[in-house]
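Asks: Requesting a structural model of the entry that follows:
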Amino acid sequence: MALAFSGALVAGAESQDTEDRLPGDVLAAMQRDLGLNAEQANRRAVQQEAADRLDDVLKARLGAAFGGAWFDGASGKLVVGVTDAGRADAVTAAGAQSRVVKHSENDLEAVKAELDALAGGRGDAQRKAAPGRADKAAVEGLTSWSVDPVTNTVTVTALKGAKGLATLAKYGDAVRVETTATEPQTTAFLDGGDDLNYPNGGCSAGFNMRNTTTGVRYVLTAGHCGAAGSVVRGQGNVVIGSVQAAFFPTYDDGLVRVTNTGAWTQGPWVDVNPPNGGIVVVSGYSDSPVGTAICKSGRTTKLTCGTITAKRQTVTYTGGLTVYDLTRHNACVEPGDSGGSNYRNAGTRTAEGVTSGAQLYNVGGRARCGQVVGVANVSWYYPAALSVPYYQGAYGATLW
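Replies: The predicted structure is shown next:
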């Protein structure tokens, strides 16, 4: 039996990938969720890969004048904010669009860091260090915040009448506030189904990993799905293995060690229709800019697509559980999708992260994503760019 969940599939199955064309299932999802036809979706995949590379180059080149960057789907180009108008021509010459902005990314990150400290501090993702002491009263009712390059602000989402709004006054126009009526929720523990089944409920698998020296195999998923030592089962209630490590809150990733290797076969695969649909091949990981189109796979909503709307966002889930460095996007995510794979469609399909949570709405006793009630989806994943280096250092585990 093979790992037939999002993140792994039947050994020897033929990939639907080609070097420059997107698989049919992915194209259908991008057309449904993003309104892109096949030609537009394939063109965007190429444009996004180029923009992702250029983002790293220009951030380093501009230094303190860098005001953030994002991918503009309409033009197919990276847009880069600069605080020094004299640097705009250099951005244009590199192939991006320039926009003169007031605040540097460094200055906005400093504002975010102060808010993070009030929430307890973001710890250290490379060491999984514990956060500091929180001043929760100062950020009470503030459900999330992150640097938004498009508006050149730290954008804070707050419950109506939140006491923490008073904390923001001193930041002036460096902060922008959005209001919400509901708190974010993690998206685990949906009864029934297949994929990753824990003693307390179910999640989805993210990406296969392995130690090429020892041969030990793993699955990367969300940390909130189950504690270290928990036994994890898959389709047919067949044992997969147990949780090697899990981190939540502050972080939200975990590693399942696959011990029942005779029953499960792994590879660089993501199921586009869990648990037994078509597959795509994912190679390496990326940390793409705002505006990039991504798709996610999960046991509940299957394959859905959207765009990245915020990076390094601090989110406080129900129960006052704060997670740092999340990537926000607008693909539909619902309970059971937690831990599932989020990936960038480009010339090389790359891992972006594992599903953490979403803004959910009660519809007939079931938690549903925003589009079901006519509002924008708000979902989050924990970045592979933080998870993979940590687990490589701790366990020698790398993506397939």
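Asks: count of neighbours near residue 117?
Replies: 17 (other Cβ atoms under 10 Å). All C-beta spots, glycine's among them, are computed from the backbone N, C-alpha and C.
Asks: Give the helix, strand or coil label for the residue lying farthest from the centre of the chain.
Replies: What lies farthest from the middle of the chain is residue 86; by Cα atoms, centre = their mean that is 34.6 Å. At residue 86, secondary structure determined by DSSP: H, G, I helix; E, B strand; the rest coil is helix.
Asks: likewise the one 3 residues further on?
Replies: Here residue 89 is helix, with the state taken from three-state DSSP.
Asks: gap between it and residue 213?
Replies: Separation of residue 89 from residue 213 (Cβ to Cβ, to the nearest Å) stands at 49 Å.
Asks: and these two? which has more neighbours close in?
Replies: residue 89 (11 against 7).
Asks: Chain neighbours aside, what residue packs nearest to the more buried one?
Replies: Leaving aside its chain neighbours, residue 89 sits nearest to residue 98 (7.8 Å; criterion: Cβ to Cβ, 6 or more residues apart in numbering).
Asks: Just give the number of residues close to residue 152.
Replies: Neighbours of residue 152 under the rule other Cβ under 10 Å: 23.
Asks: who touches it in this structure?
Replies: By Cβ atoms under 8 Å, 6 or more residues apart in numbering, residue 152 lies in contact with 67, 68, 81, 101, 102, 103, 108.
Asks: Among those residues, name the buried ones.
Replies: 67, 68, 81, 101, 103, 108 (16 or more other Cβ atoms under 10 Å).
Asks: Dump these to CSV, plus distance to residue 131.
Replies: CSV is the format used below for the buried ones among the contacts of residue 152 (distance: Cβ to Cβ, whole Å):
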residue, distance to residue 131
67, 28
68, 25
81, 30
101, 31
103, 26
108, 21
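Asks: In CSV, list these along with distance to residue 387, secondary structure and pLDDT.
Replies: CSV is the format used below for the buried ones among the contacts of residue 152 (distance: Cβ to Cβ, whole Å; DSSP: H, G, I helix; E, B strand; the rest coil; pLDDT from 0 to 100):
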residue, distance to residue 387, secondary structure, pLDDT
67, 28, strand, 98
68, 24, strand, 97
81, 28, strand, 98
101, 31, coil, 98
103, 30, coil, 98
108, 25, helix, 98
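Asks: ok, back up a step: distance of the residue farthest from the centre of the chain relative to residue 96?
Replies: Taken as Cβ to Cβ, the span from residue 86 to residue 96 is 16 Å.
Asks: try residue 269
Replies: 34 Å.
Asks: what's the neighbour count on residue 306?
Replies: Quick note: residue 306 (other Cβ under 10 Å) scores 26 neighbours.
Asks: List the contacts of it.
Replies: With Cβ under 8 Å, 6+ apart, residue 306 has these contacts: 33, 34, 293, 294, 295, 296, 329, 330, 331, 332, 377, 379.
Asks: Look up which residues are beta-bridged to it.
Replies: residue 294 (DSSP bridges).
Asks: With residue 154 instead?
Replies: Beta-bridge partners, per DSSP bridges, of residue 154: residue 147, residue 175.
Asks: That one is in contact with residue 167, isn't it?
Replies: No - Residue 154 lies out of contact with residue 167 (Cβ atoms under 8 Å); the separation is 11.8 Å.
Asks: for this protein, longest helix please?
Replies: Determined from DSSP state H, the single longest helix within the chain is helix 38-62.
Asks: and that helix, which residues are buried?
Replies: Quick answer for helix 38-62 (16+ other Cβ under 10 Å): 40-42, 44-45, 47-52, 54-55, 58, 62.
Asks: How about stretch 336-356?
Replies: Neighbour counts using 16+ other Cβ under 10 Å place 336-346, 349-356 of stretch 336-356 among the buried residues.
Asks: Just the terminal-to-terminal distance for it.
Replies: Stretch 336-356 has its terminal residues 10 Å apart, counting by Cα to Cα, to the nearest Å.
Asks: now stretch 224-239
Replies: Length of stretch 224-239, first residue to last, Cα to Cα: 19 Å.
Asks: circling back: which of the contacts of residue 306 fall in strands?
Replies: Judged by DSSP state E, those include 293, 294, 295, 296, 329, 379 as members of strands.
Asks: Make CSV out of those residues and add pLDDT, neighbour count and distance to residue 172.
Replies: As requested, the ones in strands among the contacts of residue 306 are arranged in CSV below (pLDDT from 0 to 100; neighbours: other Cβ atoms under 10 Å; distance: Cβ to Cβ, whole Å):
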residue, pLDDT, neighbour count, distance to residue 172
293, 96, 25, 33
294, 96, 24, 33
295, 95, 27, 38
296, 93, 30, 36
329, 98, 29, 29
379, 98, 30, 30
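Asks: just curious, which of the residues you listed is nearest to residue 204?
Replies: Closest to residue 204 out of the ones in strands among the contacts of residue 306 is residue 296 (9.1 Å), distances taken as Cβ to Cβ.
Asks: Excluding chain neighbours, what is closest to the closest one?
Replies: Spatial nearest neighbour of residue 296, chain neighbours left out: residue 342 (4.4 Å); criterion: Cβ to Cβ, 6+ apart.
Asks: Give me the below-cutoff pLDDT ranges for the stretch 1-150 of the chain.
Replies: 1-21, 133 (pLDDT under 70).
Asks: Please enumerate the helices of it.
Replies: Applying DSSP state H, counting those that start in this stretch to the stretch 1-150 of the chain gives helices spanning 24-34, 38-62, 88-93, 105-118.
Asks: OK, contacts around the residue nearest to residue 296?
Replies: So, once contact is read as Cβ under 8 Å, 6+ apart, residue 342 ends up touching 206, 294-296, 327, 329, 331, 351-355, 381.
Asks: ok, now with 7 Å
Replies: 294, 296, 352, 353, 354, 355, 381 (Cβ atoms under 7 Å, 6 or more residues apart in numbering).
Asks: from those residues, which two are the most distant?
Replies: The farthest-apart pair in those, when distances are taken by Cβ to Cβ, is 294 and 354, at 12.3 Å.
Asks: how far away is residue 246 from residue 170?
Replies: 37 Å.
Asks: Between the two, tell me which one has more neighbours.
Replies: residue 246 (22 against 10).
Asks: Give the helix, strand or coil label for that one.
Replies: What three-state DSSP gives for residue 246 is strand.
Asks: Thank you, goodbye.
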